[in-house]
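>>> pasting the structure only:
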């Protein structure tokens, strides 16, 4: 009997431009639940800058550093789409279950196809060229994060909810209270992968969907509700 192939999670992150939400920075890492790597990609999209400027423009200098260090490479959106789908298809043909995911997957899997459409001028273009299951790491992590998180996590801007951002989740999971998210796709893929592995280890049911439109909305509120935070009172950590 042939051994069952491990499920492979394609952890994706994108950074988008300021006004038109064009993905100019796309990265992913394909891993199994033990953290073994099956594929990866990290690209800055050449054509994106013809349409808009990056949201985090003050970080542009770091892209030169990462390109020099070969952590990221310039490419066209078509080249990146082809590479991503080739990796997915190859693993599927080998018998792996593949799941596309991100921290706030609704964002990434909305703007990947929209970026492709805007750059190519093809309003019907889709990012995925074959069916692929999808999952939101944010939602999945929120189903199992320990209740003690409420006492440790940063408060939201209103002070009435706990922050559930990837940065806040990583700070908690790895006991790094001063950690700051880079907001550069390849670097953020690393932390999102580690958050995913923490969640997978807790063995909760994965919130799998087959279309981006089926992702759970208001995930931050869902997590807060599960943790017993109702948003009616200011949290102690928000009081200075």
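Looks like it came in fine. These numbers were taken from a predicted model, which means no experiment stands behind them. Numbering: from 1, shown residues only.
>>> okay, CA-based contacts and neighbour counts for the rest of this
Will do.
>>> how close does the nearest residue to residue 110 once chain neighbours are set aside sit to residue 136?
Counting by CA to CA, 6 or more residues apart in numbering, residue 110 lies nearest to residue 212, which is 6.8 Å off, once chain neighbours are set aside. Separation of residue 212 from residue 136 (CA to CA, to the nearest Å): 10 Å.
>>> which regions of this protein sit below the pLDDT cut-off?
Scanning the chain with the threshold set as pLDDT under 70 gives 1-2, 57, 240.
>>> residue ranges for the helices of it, please.
48-51, 60-68, 77-93, 105-120, 137-142, 149-152, 166-173, 185-201, 219-226 (DSSP state H).
>>> mind checking which of those helices is nearest residue 22?
helix 105-120 (5.0 Å; CA to CA).
>>> Pull out the buried residues from the closest one.
105-109, 111-117, 119 (16 or more other CA atoms under 10 Å).
>>> what does stretch 194-203 give?
So for stretch 194-203, counting by 16+ other CA under 10 Å, buried means 194-200.
>>> For the residue nearest the centre of the chain, give the beta-bridge partners.
With distances taken as CA atoms, centre = their mean, the residue of the chain nearest its centroid is residue 102 (2.6 Å). Here residue 102 sits in beta bridges with residue 136, going by DSSP bridges.
>>> That one and residue 11 touch, don't they?
Yes. Between residue 102 and residue 11 there is a contact at 5.4 Å, judged by CA atoms under 8 Å.
>>> what's the overlap in contacts for those two?
residue 192 (CA atoms under 8 Å, 6 or more residues apart in numbering).
>>> Residue 235 is in contact with residue 157, isn't it?
No. Counting by CA under 8 Å, residue 157 is not a contact partner of residue 235; they are 11.1 Å apart.
>>> Which residue of the two possesses the greater neighbour count?
residue 235 (19 against 10; other CA atoms under 10 Å).
>>> Give the full set of residues in contact with that one.
Residues near residue 235 by CA under 8 Å, 6+ apart: 155, 159-161.
>>> Closest to residue 172 out of those?
Distances from residue 172 to the contacts of residue 235, taken by CA to CA, are shortest for residue 155, at 13.0 Å.
>>> Which strand residues bridge that closest one?
Beta-bridge partners recorded for residue 155 (DSSP bridges): residue 162.
>>> Tell me if I'm right that it and residue 239 touch.
No. If you go by CA under 8 Å, residue 155 and residue 239 don't touch, sitting 9.4 Å apart.
>>> Name the residue in the two with the higher neighbour count.
Neighbour count, other CA under 10 Å: between residue 155 and residue 239, residue 155 has more, with 21 against 8.
>>> Give me the distance between the spatially closest residue to residue 71 that is not a sequence neighbour and residue 25.
Distance criterion CA to CA, 6+ apart; nearest residue to residue 71, sequence neighbours excluded, is residue 42 at 6.7 Å. To residue 25, residue 42 is 8 Å away according to CA to CA.
>>> just to revisit the earlier point, tell me the contacts of the residue nearest to the centre of the chain?
11-13, 108, 135-138, 192.
>>> Mind doing that once more with 7 Å?
Contacts for residue 102 were tallied using CA atoms under 7 Å, 6 or more residues apart in numbering; they are 11-13, 108, 136-137.
>>> most neighbours, which of the residues you listed?
Going by other CA under 10 Å, residue 13 tops the contacts of residue 102 with 30 neighbours.
>>> Cool, thanks, talk later.
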